[in-house]
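Participant: Sequence isn't available, so here's the structure alone:
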């Protein structure tokens with residue numbers, strides 16, 4: 001009878017190792033913000049926020065006829081520094 005070898009199983013990866021979103025608090029609620037919500041929260045102009053939502057790198061989605069962004073995706077997007085001089089969309 002052959003001896004059974006103890007082959008180590010690959011360990012399961014944690015959420016932090018799988019995704020950068022693991023570093024952000026993840027709640028069970030999905031909160032979506034519209035353009036008007038972002039204008040009210042940041043006091044940026046409507047035109048500036050509309051440009052932001054039209055940026056292809058911004059994580060907005062179309063919810064019916066409205067553009068919205070999920071709370072955690074917005075926090076992650078805003079946590080990265082961007083410079084106007086290096087971005088062709090904002091010139």
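Facilitator: Happy to help now that I have it. Nothing here was measured: the structure is a model prediction, and the numbers come from that model.
Participant: in this protein, what spans have low per-residue confidence?
Facilitator: Across the chain, the ranges flagged by pLDDT under 70 are 1-28, 90-91.
Participant: ranges for the strands of it?
Facilitator: Counting by DSSP state E, residue ranges of the strands within the chain are 32-34, 60-63, 66-70.
Participant: What strands line up against the last one, and which way round?
Facilitator: Yep, that's strand 66-70 we're talking about. The strands beside strand 66-70 in its sheet (DSSP bridges) come out as strand 32-34 (antiparallel), strand 60-63 (antiparallel).
Participant: most neighbours per residue, which of these?
Facilitator: With neighbours defined by mean count of other Cβ atoms under 10 Å, none of the strands paired with strand 66-70 is more surrounded on average than strand 32-34, at a mean of 17. Heads up, the C-betas are built off the backbone N, CA and C, glycines and all.
Participant: what's it in contact with?
Facilitator: With contacts defined as Cβ atoms under 8 Å, 6 or more residues apart in numbering, strand 32-34 is touched by 41, 63, 66, 67, 68, 69, 70, 71, 74.
Participant: Done for today, thanks.
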